[in-house]
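Chemist: Here is my input; please provide its structure:
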Amino acid sequence: GLHITQRIQDSRLDYDRLQYWFGDFNLQQLLSLKKRLQEEEEPAISRFFLCALSHILKNCSYWLTTSTKPQKDHDKIPESPIDAFLTHASRMMRRNSVFFNEVENLAPCEPLSVMRKADARCLPLPNNCMDLIVTSPPYSTSYEYPDIHQLTALLFGFCTSLSDFRKGFIGSKTGNHHRDAQLENLRALKATRALTSIDARLGKAVQSYFLDMKQVYREMYRVLRPGRRICIVIGDTELRGVTIPNADVAVEQMCEAGFIPEKTIERSVPSRVLAPYRDRNDGRFTSPENAAAKKVYSHEYILVLRKNS
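Modeler: Here you go, the predicted model:
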């Protein structure tokens, strides 16, 4: 059985913020679960169940269930961490079994995958080592990923300060604004100037985003083998009435890095995947029921480019 045997205290955690989201009782259950799972001797098993624990955090908190953004619902009754964990872990095990039944007759491939944590602006990889890069980079100022994933980050001790945590993310409004660097891309420059005239802080954030992505594309070019391809999914955004041409700028920046465009595929964005509406008045994400709602994610692009041989 899973029971709390002692009150857990960890000086590396931001208890005030954690208690704000979980309350004291659920927080102690979650910390107890985490401790038990981290004590598992087999790393793969420990990691598997810690992923299950991470997945249930929103349901076990006061985070508004229907919101992607961090918003507290004071009327919400959070789920029991132990019940939610057992339910989700069972679901993961069933699906894992289905997956391995499907692949067991395929040619052996060891390892199936290797996950590494790194900064896309400075990859810990040698030159010309990758056969294919497939990714969906952040869209400028679309989501504050540190905020969206703060429950996991806080509970697992990946950060103790959200403000400091945000600074390392591409596309964050509080990131490194490259004070000594200037944009050269004309499309990016036009968009950032238009946004700066309305909101200087947002203008700097978008400028920082484009400068960061320029570094990212250079790194992708460096690690990709000659003649191989990169495939990215990205869409344009609109903020405070200004269109941010992420896709066009991405293609131009990748071409500057040395890539050759091969194909652009346009696809519709399903509303169930993203929150595609912003409030016309304050620019925040909102629901389609809001009278001031404006759809800003109607489609996105799949960009395929090749590294020069």
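Chemist: would I232 count as being in a helix?
Modeler: No. Using DSSP: H, G, I helix; E, B strand; the rest coil, the secondary structure at I232 is strand, not a helix.
Chemist: from what I can see Q71 touches Y62, true?
Modeler: No. Taking Cβ atoms under 8 Å as the definition, Q71 is not a contact partner of Y62, at 9.4 Å. In short, each C-beta sits where N, CA and C put it, glycine included.
Chemist: So which of these two has more stuff around it?
Modeler: Y62 (19 against 11; other Cβ atoms under 10 Å).
Chemist: From P70, how far off is that one?
Modeler: Here the criterion is Cβ to Cβ, to the nearest Å. By it, Y62 lies 10 Å from P70.
Chemist: Likewise for T264?
Modeler: 34 Å.
Chemist: Settle it for me: which of these two has more neighbours?
Modeler: Neighbour tally, T264 and P70, criterion other Cβ under 10 Å: the higher count belongs to P70, 17 against 12.
Chemist: what phi and what psi does the backbone show at the more buried one?
Modeler: Per-residue torsions, P70: phi -70, psi 110 (degrees, to the nearest 10).
Chemist: for Y145, same thing?
Modeler: Torsion angles, degrees, to the nearest 10, at Y145: phi -60, psi -40.
Chemist: ok, L154 - contacts?
Modeler: By Cβ atoms under 8 Å, 6 or more residues apart in numbering, L154 lies in contact with 13-14, 17-18, 21, 162.
Chemist: Name the helix or strand for it, please.
Modeler: helix 150-155 (DSSP states H and E).
Chemist: Buried ones in the helix or strand just after that helix, by neighbour count?
Modeler: The helix or strand immediately downstream of helix 150-155 is helix 162-166, counting by DSSP H and E. By neighbour count on 16 or more other Cβ atoms under 10 Å, the buried set for helix 162-166 is 162, 165-166.
Chemist: and the helix holding L154, how far out from the chain's middle?
Modeler: 13 Å (Cα atoms, centre = their mean, to the nearest Å).
Chemist: Give me the mean pLDDT for that helix.
Modeler: For helix 150-155, the mean per-residue pLDDT is 93.
Chemist: Mind jotting down where the strands sit in this protein?
Modeler: 130-135, 224-234, 237-239, 242-244, 259-268, 277-279, 285-286, 293-295, 299-307 (DSSP state E).
Chemist: Reformat those strands as CSV; add distance to Q215 and mean pLDDT.
Modeler: As requested, the strands of the chain are exported to CSV (distance: least, Cβ to Cβ, whole Å; pLDDT from 0 to 100):
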stretch, distance to Q215, mean pLDDT
strand 130-135, 14, 96
strand 224-234, 15, 96
strand 237-239, 20, 83
strand 242-244, 18, 89
strand 259-268, 15, 93
strand 277-279, 28, 62
strand 285-286, 27, 62
strand 293-295, 31, 65
strand 299-307, 17, 94
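Chemist: Which of those sits closest to G203?
Modeler: Smallest distance to G203 across the strands of the chain (Cβ to Cβ): 9.0 Å, for strand 242-244.
Chemist: Going by neighbour count, which residues in the closest one are buried?
Modeler: Within strand 242-244, the residues that count as buried by 16+ other Cβ under 10 Å are 242, 244.
Chemist: which residues touch I302?
Modeler: 231-233, 263-267 are the contacts of I302 under Cβ under 8 Å, 6+ apart.
Chemist: which of these are buried?
Modeler: If we count by 16+ other Cβ under 10 Å, the contacts of I302 have these buried: 231-232.
Chemist: so which of the contacts of I302 comes closest to A247?
Modeler: T264 (8.0 Å).
Chemist: Quick check, the closest one in contact with E300.
Modeler: No. Assessed by Cβ under 8 Å, T264 is found out of contact with E300, at 10.9 Å.
Chemist: where do the contact lists of these two overlap?
Modeler: A247.
Chemist: And S67, how far from K76?
Modeler: Counting by Cβ to Cβ, the gap from S67 to K76 is 11 Å.
Chemist: V304 - how many residues pack around it?
Modeler: Residues contacting V304 under the criterion other Cβ under 10 Å number 15.
Chemist: Can you add distance to N128 and pLDDT and give the contacts of L154 back as a markdown table?
Modeler: Formatted as a markdown table, these follow (distance: Cβ to Cβ, whole Å; pLDDT from 0 to 100):
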| residue | distance to N128 | pLDDT |
| --- | --- | --- |
| L13 | 42 | 85 |
| D14 | 42 | 88 |
| R17 | 44 | 91 |
| L18 | 44 | 93 |
| W21 | 45 | 96 |
| L162 | 38 | 80 |
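Chemist: What about those residues, which are in helices?
Modeler: Within the contacts of L154, residues falling in helices by DSSP state H are 17-18, 21, 162.
Chemist: Of those, which count as buried by neighbour count?
Modeler: 17-18, 21, 162.
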